[in-house]
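Colleague: 3D model of this:
(one chain, ligands or ions: 1)
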Amino acid sequence: MSEHANLLRRHRAVLPSWMALNYTEPIEIVGGKGSRVTDAEGNGYLDFFTGILTNMLGYDLPEVREAVERQLATGVVHTSTLYLLRGQVELAEKIARLSGIPDAKVFFANSGTEANETALLLAAYARRSDQVLAMRQSYHGRSFGTTGITGNRAWTNVSYSPLNVHFLHGADRHLPQFAGMSDEAYIDACVQDLRHVLATATGGDVAALIAEPVQGVGGFTMPPDGLFAAYKTVLDEFGILFVSDEVQTGWGRTGQSFWGIGNHGVTPDMMTFAKGLGNGFAVGGVVARGELMDSLHALGVSTFGGNPISMAAANAALDYVLDHDLQANAAKQGATIMGGLESAAGRFPIVGDVRGKGLMFAIELSDPGTGEPSPPLTAAVMEAARERGLLVGKGGLYGNVLRMAPPLNLTDAEAAEGLGILIASLDAVNGEATS
Ligand code: PLP
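Modeller: Below is the predicted model:
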């Protein structure tokens, strides 16, 4: 039995069946440097999914590794927030400044789920309301509260929720009722629907709208730029708070703006973040208007949240992003790859759509005969890319979207290499599907 098959057998015996594994023959990654990883059987790959957008500067970046090693050398891995934490103060100062939120304050947790739970608590308490608006096709985490605001059946076990949630349109213009609409007409239809939801389905005050500027698990689906500004005009009429879930879209990944929501020209009341910030070390958090953050009357703590090790990694990672203007690099490399994919797509009837922003791009696969979403073709292209040395992710409401989010410091040569492998993989699977 191969190394991977043996580990898979042990994995299946003791880990939950609902923890999805990529590939018919899952792999163990045992080494990484830059944008490349090696598996336990010695195969090398260019990594375009980076541990679900989390190794945002690739693997083993000296600046991050050395910052963590310096912290380890002090002997202090953990102190708790009962003591002053220099790394937290420094990182909070940077994030508050970058957020554009007036008088911002930051709370650090360990994950995107915890970050969103915190935002929900802040909003529900500030507004004395359990009513929340969220987007269809969204994903916000795996706790009770965050599955409650997740609009994707594949990730939702039960319907009961601590919150009273209504789901909005906005990232679903592919639906037949919106076919042929211009951006303006679609935004207008969504805004009318928001007003109708508020008038008919909610009672009393609504706490917040939470939304991903580009839906991650949803398959990098996104509203036209400007939708959230239009929504915010309505929310402001009712005093409803706006939370942007930047867990996937933060730190310049979308190229055009530092936060995903910047593409809509709007500043939210709160933003949540996690994933890439620690470049693999666990860190999540919320940045909110100071008076909102301070409004909770009860005490609160996150024991591991913002620990010295994750703060060392996150401060170094964020400094690196800013010092090297990686937002500009995301715009440049993303344009190269997406441009290449868009020009190739016409040759491949299996490609239903190519979309994205910066280094966050996706290919939707459809059955060439029916035009219906095709999970099998998606899986086939994913396998074909892996055989050719490229790791990519999967998502979408029907598991019919290849998602890619390479490191923000991707080089020109790596962008060209990844693009070449993607096109070759599409070519191979398209050939089989249409022969
Ligand atoms: N929010 C978004 C947009 C996400 O994509 C995810 C995870 O994929 C989460 C929240 C939850 O983050 P975590 O898995 O760190 O709890």
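
Colleague: Every contact and neighbour count from this point should use C-alpha atoms.
Modeller: Will do.

Colleague: I figured residue 186 hits residue 177, correct?
Modeller: No. Counting by Cα atoms under 8 Å, residue 186 does not reach residue 177; the two are 9.9 Å apart.

Colleague: roughly how far apart are residue 233 and residue 382?
Modeller: Counting by Cα to Cα, to the nearest Å, the gap from residue 233 to residue 382 is 41 Å.

Colleague: Neighbour count: the two, which is higher?
Modeller: residue 382 (26 against 12; other Cα atoms under 10 Å).

Colleague: since we're on residue 75, how many residues are nearby?
Modeller: Residue 75 - counted by other Cα under 10 Å - has 8 other residues nearby.

Colleague: now it: how far from the ligand?
Modeller: 27 Å (Cα to the nearest ligand atom, to the nearest Å).

Colleague: Next: residue 13.
Modeller: Counting by Cα to the nearest ligand atom - residue 13 and the ligand are separated by 23 Å.

Colleague: hey, C-alpha coordinates of the helix or strand harbouring that residue in PDB?
Modeller: Applying DSSP states H and E as the criterion places residue 13 in helix 3-14. What follows is helix 3-14, C-alpha atoms only, in PDB (Å, rounded to 0.1, in the frame of the first residue of the first chain):
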ATOM      1  CA  GLU A   3       2.200   6.100   1.800                       C
ATOM      2  CA  HIS A   4      -0.900   8.100   0.900                       C
ATOM      3  CA  ALA A   5      -3.200   5.100   0.800                       C
ATOM      4  CA  ASN A   6      -2.000   3.900   4.200                       C
ATOM      5  CA  LEU A   7      -2.500   7.300   5.900                       C
ATOM      6  CA  LEU A   8      -5.900   7.600   4.200                       C
ATOM      7  CA  ARG A   9      -7.000   4.300   5.700                       C
ATOM      8  CA  ARG A  10      -5.900   5.500   9.200                       C
ATOM      9  CA  HIS A  11      -7.600   8.900   8.600                       C
ATOM     10  CA  ARG A  12     -10.900   7.300   7.700                       C
ATOM     11  CA  ALA A  13     -10.800   5.100  10.900                       C
ATOM     12  CA  VAL A  14     -10.500   8.000  13.400                       C
END
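
Colleague: Bridge partners for residue 131, pull those for me.
Modeller: Per DSSP bridges, the residues bridged to residue 131 are residue 164.

Colleague: Just give the number of residues close to it.
Modeller: For residue 131, the neighbour count with other Cα under 10 Å is 22.

Colleague: ditto for residue 33
Modeller: Residue 33, neighbours per other Cα under 10 Å, totals 12.

Colleague: Leaving out chain neighbours, which residue sits closest to it?
Modeller: residue 59 (4.7 Å; Cα to Cα, 6 or more residues apart in numbering).

Colleague: Mind telling me which residue of the stretch 301-435 of the chain is nearest the ligand?
Modeller: residue 395 (10.4 Å; Cα to the nearest ligand atom).

Colleague: And that residue, how close does it get to residue 265?
Modeller: 27 Å.

Colleague: Between the two, which has more neighbouring residues?
Modeller: Taking neighbours as other Cα under 10 Å, residue 395 and residue 265 compare with residue 395 leading, 21 against 14.

Colleague: how about the closest residue to the more buried one other than its chain neighbours, secondary structure?
Modeller: Sequence neighbours aside, residue 219 is the residue nearest to residue 395 in space, at 4.7 Å (criterion: Cα to Cα, 6+ apart). Secondary structure, DSSP: H, G, I helix; E, B strand; the rest coil: residue 219 is coil.

Colleague: Which residue lies nearest the spatial centre of this protein?
Modeller: Nearest to the geometric centre of the chain sits residue 248, at 2.3 Å (Cα atoms, centre = their mean).

Colleague: Helix, strand, or coil at that residue?
Modeller: What three-state DSSP gives for residue 248 is coil.

Colleague: what domains does the record give for the protein?
Modeller: 3-61+325-434, 65-323 (automatic domain parsing).

Colleague: Quick check: the residue nearest to the centre of the chain vs residue 117, distance?
Modeller: For residue 248, the distance to residue 117 - Cα to Cα - is 16 Å.

Colleague: same question, residue 353
Modeller: 33 Å.

Colleague: Get me the contact residues on the stretch 101-250 of the chain for the ligand.
Modeller: Selection of the stretch 101-250 of the chain residues close to the ligand by Cα under 6 Å from any ligand atom yields 111-113, 139-141, 212, 216-217, 245, 247-248.

Colleague: Out of those residues, list just those in helices.
Modeller: 112-113 (DSSP state H).

Colleague: can you redo the residues of the stretch 101-250 of the chain next to the ligand as a markdown table with pLDDT and distance to residue 126?
Modeller: Listed next are these as a markdown table, based on pLDDT from 0 to 100; distance: Cα to Cα, whole Å:
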| residue | pLDDT | distance to residue 126 |
| --- | --- | --- |
| 111 | 98 | 23 |
| 112 | 98 | 21 |
| 113 | 98 | 20 |
| 139 | 98 | 23 |
| 140 | 98 | 20 |
| 141 | 97 | 22 |
| 212 | 98 | 21 |
| 216 | 97 | 28 |
| 217 | 96 | 29 |
| 245 | 98 | 18 |
| 247 | 98 | 23 |
| 248 | 98 | 26 |
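
Colleague: Would you mind listing which of the residues of the stretch 101-250 of the chain next to the ligand are buried?
Modeller: Burial by neighbour count, 16 or more other Cα atoms under 10 Å: within those this picks out 111-113, 139-141, 212, 216-217, 245, 247-248.

Colleague: give the contact list for residue 147.
Modeller: 139-141, 155-156, 161 (Cα atoms under 8 Å, 6 or more residues apart in numbering).

Colleague: Kindly export the helix or strand hosting it (C-alpha atoms) in CSV.
Modeller: Using DSSP H and E, the element containing residue 147 is helix 144-148. C-alpha atoms of helix 144-148 as CSV (Å, rounded to 0.1, in the frame of the first residue of the first chain):
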residue,chain,number,x,y,z
PHE,A,144,-24.2,27.3,15.4
GLY,A,145,-24.3,31.0,14.9
THR,A,146,-22.2,31.0,11.7
THR,A,147,-23.9,28.0,10.1
GLY,A,148,-27.2,30.0,10.8
